[in-house]
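Asks: Structure of the sequence below:
(3 chains)
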Amino acid sequence: MLLEPDFYARGTLEVARDLLGKLLARDEVVLRITEVEAYRRHDSANHCRAGRTERNAPMWGPPGRAYVYLCYGIHHLLNLVTEPEGTGTAVLIRACEVVEGLDTVRARRRGLRGPALLTGPGKVGAALGVDTSWSHHPVWQPGGLMCHDAPPVEAVLSGPRVGVDYATAEDREAPWRLAIAGTPWVSQRRSLVPLESRHR
DNA sequence: ACAAGGATCCTCT
DNA sequence: GAGGATCCTTGTT
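Replies: Numbers count the residues shown, from 1 in each chain, chains lettered A, B, ... in the order given. Sure, this is the predicted structure:
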């Protein structure tokens, strides 16, 4: 079952948490989301921090659409747009595990095996075969790239986001990277702690 | 295990 | 003209 736009229209951190365990599908490839990062409003790490530009336009659009951008000139990073239209927020998909289409994924990932196959946002983009032309694509309607519902995950880890040194100290340290506990399909496990332990 | 550096190009200042 | 929400290879501990 496809997730409805309402799913994405909620707070970005909540959507990020709930996206863990959900399924990304394109053609014969199906991936289970294992690690994400939330990019929120008033967030100095967010591409939308300086307002609307041509690149970040998808993030200002309706929730439940893709925002794909080119990173370091090489990697295509997939985000899903959150919150009501005009907010400028999204969730970055950082890692997945393969559910179906292993042969296709391995072909797109130079024949690699194991977690090296999909632990990193550029790897997810490569595995799904998406590029910037997929920006604005609604993942809640049939066809192309889709996001399907799946049972919620039980235990979640959280930690600081990766590669955002340009942000303020507060935003750099904020634990807005989330991952499924107990899976090898996660990048940089060192800095992650159980989400529950953050509640005092 | 970990560190360093190159690849590569679009976007924004 | 600089730098980036990264990945891979190579070299060192």
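Asks: Could you use CA atoms for every contact and neighbour count after this?
Replies: Noted.
Asks: Find the helix or strand that A:L78 is a member of.
Replies: strand A:75-82 (DSSP states H and E).
Asks: That strand close to DNA strand B?
Replies: No. Strand A:75-82 is not in contact with DNA strand B by C-alpha under 7 Å from any atom of the strand; minimum separation 8.4 Å.
Asks: mean confidence score for that strand?
Replies: For strand A:75-82, mean pLDDT is 98.
Asks: cool, and stretch A:46-62?
Replies: So the average pLDDT for stretch A:46-62 ends up being 96.
Asks: Span of that stretch from start to end?
Replies: Using C-alpha to C-alpha, to the nearest Å, one end of stretch A:46-62 lies 17 Å from the other.
Asks: Now it: buried residues?
Replies: Under the neighbour-count criterion of 16 or more other C-alpha atoms under 10 Å, stretch A:46-62 has A:N46, A:H47, A:C48, A:R49, A:N56, A:A57, A:P58, A:M59, A:W60, A:G61, A:P62 buried.
Asks: Could you dump these into JSON lines with secondary structure and distance to A:K22 added?
Replies: Shown next, in JSON lines, are the buried residues of stretch A:46-62 (DSSP: H, G, I helix; E, B strand; the rest coil; distance: C-alpha to C-alpha, whole Å):
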{"residue": "A:N46", "secondary structure": "coil", "distance to A:K22": "23"}
{"residue": "A:H47", "secondary structure": "coil", "distance to A:K22": "24"}
{"residue": "A:C48", "secondary structure": "coil", "distance to A:K22": "25"}
{"residue": "A:R49", "secondary structure": "coil", "distance to A:K22": "28"}
{"residue": "A:N56", "secondary structure": "coil", "distance to A:K22": "24"}
{"residue": "A:A57", "secondary structure": "helix", "distance to A:K22": "25"}
{"residue": "A:P58", "secondary structure": "helix", "distance to A:K22": "22"}
{"residue": "A:M59", "secondary structure": "helix", "distance to A:K22": "21"}
{"residue": "A:W60", "secondary structure": "helix", "distance to A:K22": "23"}
{"residue": "A:G61", "secondary structure": "coil", "distance to A:K22": "22"}
{"residue": "A:P62", "secondary structure": "coil", "distance to A:K22": "20"}
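Asks: which of those residues sit farthest apart?
Replies: Pairwise distances across the buried residues of stretch A:46-62 peak at 17.9 Å for A:R49 and A:P62 (criterion: C-alpha to C-alpha).
Asks: and the closest residue in space to A:E83 that isn't next to it in sequence, how far is that from DNA strand C?
Replies: Nearest non-adjacent residue to A:E83, counting by C-alpha to C-alpha, 6 or more residues apart in numbering: A:A9, 3.9 Å away. Distance from A:A9 to DNA strand C, counting by C-alpha to the nearest atom of the strand, to the nearest Å: 16 Å.
Asks: re the thing from before, and the next helix or strand after the strand holding A:L78, what's buried?
Replies: The helix or strand immediately downstream of strand A:75-82 is strand A:89-100, counting by DSSP H and E. Neighbour counts over strand A:89-100 (16+ other C-alpha under 10 Å) mark A:T89, A:A90, A:V91, A:L92, A:I93, A:R94, A:A95, A:C96, A:E97, A:V98 as buried.
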